[in-house]
Structure formats: C-alpha cells, structure tokens
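Enquirer: Attaching a predicted model along with its sequence, questions to come.
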Amino acid sequence: MHIDYAGWTHVGRRSHNEDCWEVRPELGLFMVADGMGGYEGGEVASRCVVEAFSDFCERMAKDPEATWPRRPTPGLSHEEELLVNCTELAQRALLARRVGRLKEMGSTVVALALGPRGAAVAHVGDSRLYRLRSGLLEQMTRDHSVLEEMRAAGCEPPPRGQSPYGHYITRALGTTRAEPTVQRVHVQAGDVYVLCSDGLYEPLGEEALATRLAHGSAREVAQALVEAAYAAGSRDNITAVVVRVSGAT
C-alpha cells in the first residue's frame, strides 16, 4: 500500500506538553501517547511508551525470530500480537521508573500497526483512532473511561464536557489496570486514519473531524486539526497523527 503520513502537536494552553507521537512507516507503526503525572512525569511517561513500542517493533523487524516477551494469544493476528507485546513492554518500562518524583506517572496510548498481512489497532485509556471511509467517520476505539462503563451498563451519561466524570479513565499504562484493547483493522485504498489525544477530539467533535480529514495532505490535515482544536478552546495538549492510504492494499 502507499501511505501519506504526518504528525502534529501543540502544547495548547498548558505550561508543558505531555503528549508524544511517533510515525515509523518503515515499521508500519503510528502512535500517540498522552502522559499524566504532573510536571515532568507526564512527559517522561509518554516518551517512555513511544520508545518502548518503537524499540520492540524495530527489534522484531531486524530479527523476526527474536523472543517475544509474552506467550502468543490464540486467535490474534501478527499485528495484534505485536501491539499487545509492545504494550506489555511499555507497561514494564513505566513501572520500573515510577519512583521518586515520577511515582505518579502514567500514560494512555493508541497505536496503529500496518503490516503486509494486515493491520491492527491497540489502545489503553482515552486516546483514540478514527477512520474516514467514503465520507463516513467511524471511531475505531472505545475509551477506557467511567463514561464508557456507564454506557456499557445501560446508562446514558451527559456529554463528556458536561460530566464530572468526563476525564476519569479506568485504564492507563503505569497503573494496575493497563490491559490493552486490540482489534484487527481492514484497510483499503482511500481510508484516512487519525490517532489523537483528547485535547484534539473533545473540542472539535466528529463533524469537524470528518470535514478536515477529507481534504489535503496528511501534513496539512494534521496541522489543520490541531490548529482548529486550539481555536475551539482546547485546554489540553493537542496531538494528531494522520495516515492517508492510497494505491494497492
């Protein structure tokens, strides 16, 4: 397949940027991590997660026979298994560094793996992956959050921005609940994917996301999304990674 890709981030109205993003097209890896843990902690956490994913994918690309950190899970594709192992290693890396001033740090993550045999997405927390296909926008991930648990229990909570539980997540790397949700993704020519932190999707909404994803290069779209989220009043760090697919799949 042929892809156009780019990432863009902005500190927003915060004093420092706890978001971190990575594009490694030669590895088929695209990701966004949103750190937490106060000054320095969030920045360290998100960078640690991105490095763990990137390092493991690079190691497996160089040596496909290398040992995986966990036993294979029946039914998972190669790309799903790759992301599950990346998440496991990121969790170990964070736990090993949660001491002293970093003891409260943690991070969300959303990662897309594109391989010759398929694709997969994994996420922990409330960073998201959206796909625009034939003009229709679909949220490919479901937040690990109190609001989503309420919906799963049959309750319809108020909108995220109006709820006292709007920013409460139930899973994050570096905490005791860090299990990823992983799924296969069917990719076809014309798809546009955006991986993003909550500072981007929360102020924009799906209609604005779909409108801006439809036109422009990946770089133009990523920058436009971030700038639009800031103009819409985002109070958080704002990050987008855009992947546009064309050609044979």
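Expert: Arrived safely, thanks for sending.

Enquirer: How much space separates Ala113 from Leu76?
Expert: Per Cβ to Cβ, to the nearest Å, Ala113 is found 12 Å from Leu76. The C-beta positions use only the backbone N, C-alpha and C, and glycine is treated the same way.

Enquirer: quick one, which of those two is more surrounded?
Expert: Taking neighbours as other Cβ atoms under 10 Å, Ala113 and Leu76 compare with Ala113 leading, 26 against 16.

Enquirer: Provide the secondary structure category for that one.
Expert: When classified by DSSP: H, G, I helix; E, B strand; the rest coil, Ala113 comes out as strand.

Enquirer: try Ala6
Expert: Criterion first, three-state DSSP; result for Ala6: strand.

Enquirer: Can you give me the pLDDT of the one residue sitting closest to the centre of the chain?
Expert: By Cα atoms, centre = their mean, the mean C-alpha position of the chain lies nearest to Val110, the distance being 2.1 Å. According to the prediction, Val110 has pLDDT 98.

Enquirer: Remind me what the host helix or strand of it packs against, helices and strands.
Expert: Under the criterion of DSSP states H and E, Val110 resides in strand 106-115. Secondary-structure packing of strand 106-115 (3 or more Cβ pairs under 8 Å, 6 or more residues apart in numbering; DSSP states H and E): strand 29-36, helix 41-62, helix 78-97, strand 118-124, strand 128-133, strand 192-196.

Enquirer: Throw the ones you listed into TSV and include mean pLDDT, distance to Met140 and mean neighbour count, thanks.
Expert: Below are these laid out as TSV (pLDDT from 0 to 100; distance: least, Cβ to Cβ, whole Å; neighbours: other Cβ atoms under 10 Å):
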stretch	mean pLDDT	distance to Met140	mean neighbour count
strand 29-36	97	13	28
helix 41-62	96	18	21
helix 78-97	97	13	21
strand 118-124	97	6	24
strand 128-133	98	4	22
strand 192-196	98	8	27
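
Enquirer: quick one: which of those is nearest Gln183?
Expert: strand 118-124 (6.0 Å; Cβ to Cβ).

Enquirer: quick one on the thing from earlier: Throw the helices and strands packed on strand 106-115 into a markdown table and include distance to Ile169, thanks.
Expert: Conversion of those to a markdown table gives the following (distance: least, Cβ to Cβ, whole Å):
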| stretch | distance to Ile169 |
| --- | --- |
| strand 29-36 | 9 |
| helix 41-62 | 13 |
| helix 78-97 | 15 |
| strand 118-124 | 9 |
| strand 128-133 | 12 |
| strand 192-196 | 15 |
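
Enquirer: I'd like to know which of those lies nearest to Ala214.
Expert: Among the helices and strands packed on strand 106-115, strand 128-133 sits nearest to Ala214 (Cβ to Cβ), with 6.6 Å.

Enquirer: Quick check: next helix or strand after the closest one?
Expert: strand 136-139.

Enquirer: That following strand pairs with which strands, and in what direction?
Expert: Sheet pairing of strand 136-139 (DSSP bridges) gives strand 128-133 (antiparallel).

Enquirer: which residues of this structure score low on pLDDT?
Expert: 39, 160-166, 248-249 (pLDDT under 70).

Enquirer: Alright, I will stop here.
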